[in-house]
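1. Sequence and predicted structure, then a few things I'm wondering about:
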Amino acid sequence: MSDAPAVPASPTAEPSPAAFSYPGFRLYWAARFLAAFGIQVLSVSVAWQIYDLTHDPFLLGLVGLVQFLPSLLLVLVTGTVADRYNRRRIMAVALLVQAACAAAMLALLTSPDAARNVWPAFIVLAVNGTARAFIGPVVQSLVSNLVPPIALPSAIAFNSSSFQLATITGPVAGGLLYGWSATVAFATPIAFFLAAAAMALAIPKPLQRTVPPPVTPDSLLAGFRFIWHNPIVLGAMSLDLVAVLLGGATALLPVFARDVLETGPWGLGLLRSASGIGALSVSIWLMRRPIRDHAGKAMLAAVILFGIAITVFGLSRSVWLSVGALAVMGGADMISVFVRQTLIQLHTPDEVRGRVNAVNMTFIGASNELGEFRAGSMAALIGAVPAVVFGGVGTIAAVLAWMRLFPQLKAIRHLDRVVLERHGQPAPSAPSPKPPGAS
């Protein structure tokens with residue numbers, strides 16, 4: 001059976017709009033932070049070690065590709081699992097697998113024969129990508145089981161702050177740990193993944209449970225059908241896919257740190273943290289002043305700013321200008337993420353939320369992991385700087401195209417009215433569409 005949404009303690013209890021007032025969410029938030037911190041430390045260590053051993057930017061792009069492919073190949077399976085089975089236990093098992101993968105990377109890439117172990121390391125990365133494929137839709141769906149709809153915007157803002165805090169501190173810690181000892185840098189994520197798994201298991205059971213429908217070919221495709229028939233969700237997801245696919249530059253940060261800006265591992269950690277600093281600053285601002293009007297225009301403008309910042313980063317030869325550009329990029333991306341994730345969670349019924357989030361996580365994975373592969377491949381052909389500048393300009397062009405393809409995005413105004421609507425209260429906006437076949 002799948003976990004169902006949290007409900008007030010009694011029929012007359014007034015639900016709190018503050019996500020941290022719910023104990024289950026607090027444990028969930030801490031587990032996500034520890035897991036994200038471990039991922040960031042491991043990512044910095046793997047990227048630097050592989051580039052240091054091979055000096056091949058193409059392999060940096062391949063790191064992203066092999067971790068994305070499982071989510072693409074298993075998209076129908078992972079979403080169905082998230083809708084049918086205990087989401088907290090799936091989260092814990094996936095984290096334990098990631099801990100085992102970190103231990104394997106420690107053994108392979110810090111051994112005396114590390115240069116010969118680069119390709120076996122990619123097999124471990126594929127297994128790690130499989131664990132991430134299962135944990136993605138589960139984590140995205142579980143938050144709606146831990147807080148009522150009125151608290152979802154708060155929960156999404158806190159979730160983003162958790163991830164961005166890890167994005168800031170994790171790479172810096174990873175760079176410093178790697179500079180001290182590669183062994184310590186690879187061993188640290190193991191402890192964080194194990195602690196996160198323990199916290200996931202400690203999340204209390206929801207107050208209600210639902211019995212999922214039988215698995216059929218029709219039910220496997222329910223998430224795709226819902227997205228296809230909801231232009232707001234489809235437009236928001238696909239815009240993120242195309243924009244970040246073109247504008248992604250994370251895979252090339254080791255190249256910029258070592259060859260363009262001529263810094264060491266500490267510089268790589270600083271560059272990796274910069275976008276998180278910008279995103280965390282904006283997420284804190286959103287917690288205090290959430291977007292209350294013209295949410296669609298804010299999202300589109302933020303993605304344009306994202307493309308401009310990427311272009312500036314590609315052209316920069318100053319470490320601090322590069323850090324500033326990446327910080328602006330992270331802040332702009334945070335606005336886009338906040339609007340997009342709120343719309344997806346509040347427009348999606350719980351019975352298909354896992355399958356919709358599986359597709360969403362595939363889109364996110366495609367934009368991030370395939371974006372890294374795109375950047376690495378283009379850098380190998382034309383150089384790192386032209387590859388990044390091309391991506392930034394392409395991102396801006398993509399937003400202009402999506403404004404014509406999905407005019408509904410620009411028309412989105414009040415996210416808080418969507419919350420009222422899903423919470424069963426009257427709202428001036430039209431009801432959000434239901435998936436085909438939903439009751």
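-> Thanks, I have the structure now.
2. mean confidence for stretch 299-313?
-> Per-residue pLDDT over stretch 299-313 has a mean of 91.
3. Contacts only, for Ala191.
-> Gly38 (CB atoms under 8 Å, 6 or more residues apart in numbering). All C-beta spots, glycine's among them, are computed from the backbone N, C-alpha and C.
4. burial of Leu346, as a residue count?
-> 20 (other CB atoms under 10 Å).
5. That one belongs to a helix?
-> Yes. Judged by DSSP: H, G, I helix; E, B strand; the rest coil, Leu346 forms part of a helix.
6. quick one: it from Asn230, how far?
-> Using CB to CB, to the nearest Å, one obtains 12 Å as the distance from Leu346 to Asn230.
7. which residues in this protein form strands?
-> Per DSSP state E, the chain carries strands over the ranges 2-3, 209-210.
8. what residues are up against Gly296?
-> Gly296 makes contact with Val339, Gln408, Leu409, Lys410, Ala411, Ile412, Arg413, according to CB under 8 Å, 6+ apart.
9. which stretch in the strands of the chain is the model least sure about?
-> Looking at those, the lowest mean pLDDT belongs to strand 209-210 (a mean of 51).
10. Do I have it right that Leu270 meets Leu176?
-> No. The criterion here is CB atoms under 8 Å, and Leu270 misses it with Leu176 at 10.5 Å.
11. Of those two, which one has the most company?
-> Leu270 (22 against 16).
12. what's the spacing between the closest residue to the more buried one other than its chain neighbours and Val255?
-> In space, and not counting its chain neighbours, Leu270 is closest to Val323: 6.1 Å by CB to CB, 6 or more residues apart in numbering. Remark: distance between Val323 and Val255 (CB to CB) = 16 Å.
13. Between these two, which is the more surrounded one?
-> A count of neighbours by other CB under 10 Å puts Val255 above the other of Val323 and Val255, at 25 against 21.
14. how near is the nearest residue to the more buried one once chain neighbours are set aside to Leu326?
-> Ranked by CB to CB, 6+ apart and with sequence neighbours excluded, the top spatial neighbour of Val255 is Ala384, at 4.6 Å. For Ala384, the distance to Leu326 (CB to CB) stands at 15 Å.
15. what do you get for Val312?
-> Separation of Val312 from Leu326 (CB to CB) stands at 9 Å.
16. the more surrounded of the two?
-> Taking neighbours as other CB under 10 Å, Val312 and Leu326 compare with Leu326 leading, 28 against 19.
17. Let me see the contact set for that one.
-> For Leu326, the contacting residues are Leu271, Ala274, Ser275, Gly278, Ala309, Phe313, by CB under 8 Å, 6+ apart.
18. how about a cut-off of 10 Å?
-> Taking CB atoms under 10 Å, 6 or more residues apart in numbering, we find Leu326 in contact with 249-250, 253, 256, 270-278, 309-310, 312-313, 316.
19. now Leu34
-> So Leu34 contacts 95, 162, 166, 189, 191-200 (CB under 10 Å, 6+ apart).
20. How about Ala249?
-> Ala249 neighbours (CB under 10 Å, 6+ apart): 255-256, 271, 275, 310, 313-314, 326, 329, 371-372, 374-375, 379, 384, 387-389, 391-392.
21. For the nearest residue to Thr188 once chain neighbours are set aside, grab the count of nearby residues.
-> Spatially, and ignoring its direct neighbours in sequence, Thr188 is nearest to Val41 (5.4 Å; CB to CB, 6+ apart). By other CB under 10 Å, the residues close to Val41 number 30.
22. for Arg272, same thing?
-> Arg272 has 25 neighbouring residues, counting by other CB under 10 Å.
23. where in the stretch 151-300 of the chain is pLDDT low?
-> Low-confidence segments of the stretch 151-300 of the chain (pLDDT under 70): 206-220, 264, 292.
24. Run through the helices of it in chain order.
-> Using DSSP state H, counting those that start in this stretch, the helices found in the stretch 151-300 of the chain span residues 152-180, 182-202, 217-220, 222-228, 231-247, 253-255, 265-288, 295-315.
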